[in-house]
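# pasting the sequence and the predicted coordinates here, then a few questions.
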Amino acid sequence: MTAKDDTAPRVTRRRARTRANLLDAAFAVFAAKGFGRVSIEEVCEAAGYSRGAFYSNFATLDELFFALYRERADLIAGQVADALAQDGPDLDVPASVDRVTEVLLLDVDWLLVKTDFLVHAARDPDVARTLLDHRARLRGAVADRLGRARGHTELPAVLGGAEGAARAVVAAYDGVTTQLLLDRDVDAARGWLKQLLTALLTDGSGTPQ
């Protein structure tokens, strides 16, 4: 192995660490001050890096935010998929709802950041399209699992199949987390989410239709 070959992995690891540190610092600053009130300089200062380090990883604060969003969207999608996958083809809706609501990420700091950026995206069509694409990934993970369970578990007809059910699940999550931003009661949020998802995916009694 040449010296150049030996150096490349170290450079890659260092860049990955720099990127991760910038993301962590940005998350803390966004949560404390609000996305629209933070500059690139403030993110760099919080991370202990120069503007050059920032620009070697991200072109804009929007791009950095989308990297944050992707991390958490992937985490939430993974949590949901893992919780739903434990039943095999026969989806036990009440048991799956219990598992989902127990593990699902309900972090107030993240909700503050996400809400700030949602307002920002609502005023910029290009940003909004990108944010919608990322949200679609979460719905896709839920719809995929519900779709694979069809034939074993019937969903309420009013939802229009797995895709409609996934939209309803994400909408319920959005509603509950909005309330969580105001009252900061995570236990109550999990309880409400469980009730909403059970009502959406069953006849309301915990028995799939």
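Arrived safely.
# just the residues contacting stretch 128-143, thanks.
Stretch 128-143 has contacts (Cβ atoms under 8 Å, 6 or more residues apart in numbering) with 66, 69-70, 73-74, 76-78, 80-81, 84, 117-118, 121-122, 162-163, 165-167, 169-170. From N, CA and C alone the C-beta is placed, and that goes for glycine too.
# in helices, which of those residues fall?
Counting by DSSP state H, the contacts of stretch 128-143 place 66, 69-70, 73-74, 76-78, 80-81, 84, 117-118, 121-122, 162-163, 165-167, 169-170 in helices.
# where's Ala31 relative to Gln79, distance?
According to Cβ to Cβ, to the nearest Å, Ala31 and Gln79 sit 20 Å apart.
# which stretches of the chain form helices?
For the chain, applying DSSP H gives helices covering 3-33, 40-47, 51-55, 61-85, 93-103, 108-122, 125-149, 162-183, 186-201.
# restrict the last one to CA atoms and write it as CSV.
Extracted as CSV, the C-alpha positions of helix 186-201 are listed here (Å, rounded to 0.1, in the frame of the first residue of the first chain):
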residue,chain,number,x,y,z
VAL,A,186,-43.9,13.2,26.4
ASP,A,187,-45.9,10.6,28.3
ALA,A,188,-49.2,12.2,27.4
ALA,A,189,-48.0,12.4,23.7
ARG,A,190,-47.3,8.7,23.6
GLY,A,191,-50.7,8.0,25.1
TRP,A,192,-52.5,10.1,22.6
LEU,A,193,-50.5,8.7,19.7
LYS,A,194,-51.4,5.2,20.8
GLN,A,195,-55.1,6.0,20.9
LEU,A,196,-55.1,7.8,17.6
LEU,A,197,-53.2,5.1,15.7
THR,A,198,-55.4,2.4,17.2
ALA,A,199,-58.5,4.2,16.1
LEU,A,200,-57.1,4.9,12.7
LEU,A,201,-56.0,1.4,11.9
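# so which residues make contact with it?
93-94, 97-98, 100-102, 104, 106, 108, 155-156, 159, 165, 168-169, 172-173, 175-177, 179-180, 204, 206, 208.
# with that, I have no additional questions.
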